[in-house]
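Q: This is a predicted model, with the sequence first.
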Amino acid sequence: MTRRVSIEEIRKLSRRSRQELYGDGSALPVSSDGAQDNTPSTSVLQPENQTNSVKTMRFEPRLEFGRHSKATKRLENALRIIRAQSQHVLPFLFRHEAALLGHVYGGASVLEAEKEAIRHNLIVKDILARAKTNVCFWEIADQGYEQLKRTRPEWGSKGKYKHKFCVHRIENTYRRYGYQTRIEYRRPNGKLVDLHLSNENLVLYVEVCASWPIEKELTNIQKDLEGDPLPSEIILAVTERKMRKPLEQAVREMNADMELLRPVRVVLAGDLIDFLELTK
């Protein structure tokens, strides 16, 4: 049975709400008849030595985020994602993989966390080209490692973070397919190959192309084909979509001039990477 609430009880609740807002009620303005008035006085905006300057005053409220505010929640999600990435056995994760491991679900929540992380200089956002789309990943910045109370690890491979990301993720993918893998493989002539992949039938050299100019990649091809042993194939894995066609054209011209001893294939680096099989 539903109980009817009296007007007096509503007034008591309203009075209690005002007391919680203003304190014990002593700070409430008092009207001429002695009753407390709910309308805040404009005098609180005036300095003590100025009485008629209300129109020229600028009142800027202080923004204080509470424990459960939206901004705090976004920042907590961002820290949860980068913590999951830094603690994973393979700390080179795509954004959606790290979010899943950090238990941050929903595209909108992840994007809001990303904006908050960038605003606080916790991450650097980057993308990697795949056949039909681009995939996003985060590089944890120094400020991010400071928030996590961790030091930036060394991963034993050359180049900037995007280059390292591709090398380690391609290595992880091919190792799962049964290939023997070696990062920074040194050839007899002293040339370092980004990634050496081998099985019973094939020996593949993978060179990650993450920066311009493309002429240096042609130099890498020449050094990779000097002396024995020779690979079965050289794979040039480009990180940007716009690099692919110019590099393919340069390889064709190079092959026409000097007849390359082994086939050279240009692919998008993202197409050599399988996503990790993760579950909620």
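A: Good, I have the coordinates. Bear in mind that the values here come from a model prediction, so they are computed numbers and not experimental data. Numbers count the residues shown, from 1 in each chain.
Q: residues of the strand or helix carrying Val167 that come out buried?
A: Using DSSP states H and E, Val167 sits within helix 161-176. If you call a residue buried by 16 or more other CB atoms under 10 Å, then helix 161-176 has these buried ones: 161-174. Glycine gets a C-beta too; all of them are placed from N, C-alpha and C.
Q: for stretch 140-152, same thing?
A: So for stretch 140-152, counting by 16+ other CB under 10 Å, buried means Ile140, Ala141, Gly144, Tyr145, Gln147, Leu148.
Q: since we're on the closest residue to the first one other than its chain neighbours, how many residues are nearby?
A: Leaving aside its chain neighbours, Ile140 sits nearest to Ile82 (5.2 Å; criterion: CB to CB, 6 or more residues apart in numbering). Close neighbours of Ile82, defined as other CB atoms under 10 Å, add up to 26.
Q: same check, this time on Leu225
A: Residues contacting Leu225 under the criterion other CB under 10 Å number 18.
Q: residue contacts, it?
A: When contacts are counted by CB atoms under 8 Å, 6 or more residues apart in numbering, Leu225 is found next to Ile234, Leu260, Leu261, Arg262.
Q: out of the residues you listed, which are inside strands?
A: Using DSSP state E, Ile234 are the members of the contacts of Leu225 that sit in strands.
Q: Next SSE downstream of the lengthiest helix in the chain?
A: If you go by DSSP state H, the chain has its longest helix at helix 70-87. Following helix 70-87 in sequence order, the next helix or strand is helix 95-101 (DSSP H and E).
Q: Could you list every helix and strand in contact with that following helix?
A: Counting contacts by 3 or more CB pairs under 8 Å, 6 or more residues apart in numbering; DSSP states H and E, helix 95-101 packs against helix 70-87, helix 107-119, strand 134-140.
Q: Contacts for the next helix or strand after the last one, please.
A: The reference is to strand 134-140. Next along the chain after strand 134-140, taking DSSP H and E as the criterion, comes helix 142-148. Contact partners of helix 142-148, identified using CB under 8 Å, 6+ apart, comprise Leu79, Ile82, Arg83, Ser86, Ala117, His120, Asn121, Leu122, Ile123, Ile140, Thr151, Arg152.
Q: if we can go back for a sec, can I get the contacts of Leu225 in CSV with pLDDT, distance to Gly227 and neighbour count?
A: Converted to CSV, those look like this (pLDDT from 0 to 100; distance: CB to CB, whole Å; neighbours: other CB atoms under 10 Å):
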residue, pLDDT, distance to Gly227, neighbour count
Ile234, 93, 14, 23
Leu260, 78, 15, 16
Leu261, 79, 11, 12
Arg262, 86, 13, 14
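Q: Adding distance to Tyr179 as columns, could you present the contacts of Leu225 in TSV?
A: Formatted as TSV, the contacts of Leu225 follow (distance: CB to CB, whole Å):
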residue	distance to Tyr179
Ile234	15
Leu260	23
Leu261	22
Arg262	18
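Q: where does the stretch 51-200 of the chain have low pLDDT?
A: Applying pLDDT under 70 to the stretch 51-200 of the chain flags the ranges 51-68.
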